[in-house]
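> Here is a sequence with its predicted model. Questions after.
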Amino acid sequence: MMPGHGHGGHDHIMVDGVDVHIMRLPNGRVMCHLLMFQQFDTTEELAAVLRRERGRLWDTFVAPRVTGAGVITRPNIYDLGDAELSELIHAVREIKNNGVYDDFVRRHDAVMSDTSNIHAGPAFLPWHRVFIHEFEQALQTVSAGLRLPFWNWADDAAAGKSAPLWQTQGARTYFGGDGDPKTNIVTSGPCADWRILMHTPQAPVYRSGLGLLRSLGQDAATLPQLNRLRQVLSVQPYDSAPWDYRSDTSRSFRNALEGFAETGSAMHNRVHVWIGGDMEMPTSPSDPVFFLHHAFVDCIWAAWQKLHPSESYLPANGGPPGQNIDDRMPHLWSATTPRQTLDTVSMGYQYPALAL
Ligand SMILES: [Cu+2]
């Protein structure tokens, strides 16, 4: 039994000595995070497929913490051991206290506020890949070897705000729960005493009063669903003209994942809106869940890259400034082009495979 997963809909089975996190669906069928797109009638059937697929899938899912030449595997946050989760929370608080954390908030606000906007454009994915990698490196200055985990929100779409991530009681808690129903202020967890930066046209300023804001499920009723994620992974090419929020989501993987759909906000955008509060602002990295969310967005891009090895980043040229493959992207710690982000292993990390 993994600690802290006692809530309804989640369960565990042991398969060949490995603890497997099981989700019971409302339709009575079962799934697990190791075979995230398949449903089974029984846990026995699920375990049988896991055993049969071991050669192909298993080793990547139970990959050691460090593989090869120092390449780390970023874990699903629910698979983090209790000790590493405490280290993570401690490191996040340390960099909040020493000011490094808010440098991320300021830089994200800057790219949303000046003409260099890398949202709603091709560099959305490469820019955030570097941005969260810098965050992981900042955490590692506190605790060497620390890994940035991802939050698989599609797995938690059915559970919604009762998912383990938002729990505030019990043996295992993460970054606090929903905001107070009246004030939207998150009143427990590691951010409960935080001073939060707020966007202004000049530069972000600290809000008077303490508190991170969340309003789970208020501004969007549901998280993105697994079946839509599966469709998005099949979209090719990487992006298409006009290289912005209008790019056809059946011909732009980037926009399908980013979520400027024809109606409402989808995928990445929808997760920001579903969490609400500070996550809806240009200063959205104020909420540590931003980094867990973007690690999953990055994991989806990495999975797409593996599925479509002949599809490269686009455009080579003719895109918005700073967003062509060899353009230098703005507001990063080191000058980086999209081309330099195309192989996570060369950047020092990888993800467990998303089983299709
Ligand atoms: Cu962003």
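In hand now; what should we look at?
> how about stretch 331-349 as PDB, C-alpha atoms only?
Only the C-alpha atoms of stretch 331-349 are listed here, as PDB (Å, rounded to 0.1, in the frame of the first residue of the first chain):
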ATOM      1  CA  HIS A 331      13.700  35.600 -20.500                       C
ATOM      2  CA  LEU A 332      15.500  32.300 -19.900                       C
ATOM      3  CA  TRP A 333      18.500  32.000 -17.700                       C
ATOM      4  CA  SER A 334      20.700  31.000 -20.600                       C
ATOM      5  CA  ALA A 335      20.300  31.700 -24.300                       C
ATOM      6  CA  THR A 336      18.400  28.700 -25.700                       C
ATOM      7  CA  THR A 337      16.800  28.000 -29.100                       C
ATOM      8  CA  PRO A 338      13.900  25.600 -29.700                       C
ATOM      9  CA  ARG A 339      16.400  23.300 -31.600                       C
ATOM     10  CA  GLN A 340      18.400  22.900 -28.400                       C
ATOM     11  CA  THR A 341      15.400  21.600 -26.500                       C
ATOM     12  CA  LEU A 342      14.400  18.700 -28.800                       C
ATOM     13  CA  ASP A 343      16.100  15.900 -26.900                       C
ATOM     14  CA  THR A 344      15.300  15.800 -23.200                       C
ATOM     15  CA  VAL A 345      18.000  13.100 -22.500                       C
ATOM     16  CA  SER A 346      20.700  15.500 -23.700                       C
ATOM     17  CA  MET A 347      19.200  18.000 -21.200                       C
ATOM     18  CA  GLY A 348      19.600  15.400 -18.500                       C
ATOM     19  CA  TYR A 349      16.100  14.000 -17.900                       C
END
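> Same question for it: list its buried residues.
331, 332, 336, 337, 338, 340, 341, 342, 344, 347, 349 (16 or more other Cβ atoms under 10 Å). Placement of C-beta: from N, CA and C, glycine included.
> Would you mind pulling the contact partners of it?
Outside of stretch 331-349, the residues within contact range by Cβ atoms under 8 Å, 6 or more residues apart in numbering are 68, 70-74, 107, 110-111, 116, 122-123, 126-127, 129-131, 133-134, 136, 147, 298, 302, 305, 312-313, 323-329, 350-351.
> how about 7 Å then?
The contact list for stretch 331-349 (Cβ atoms under 7 Å, 6 or more residues apart in numbering) reads 70-72, 74, 107, 110-111, 116, 123, 126, 129-131, 133-134, 302, 313, 325-329, 350.
> Let me see the backbone angles for residue 307.
phi -70, psi -30 (degrees, to the nearest 10).
> which residues touch it?
Going by Cβ under 7 Å, 6+ apart, residue 307 touches residue 233.
> which element follows the helix or strand bottoming out on mean pLDDT in the chain toward the C-terminus?
Least confident helix or strand of the chain, by mean pLDDT, DSSP states H and E, is strand 66-67 with a mean of 38. Per DSSP states H and E, the first helix or strand lying C-terminal to strand 66-67 is strand 71-73.
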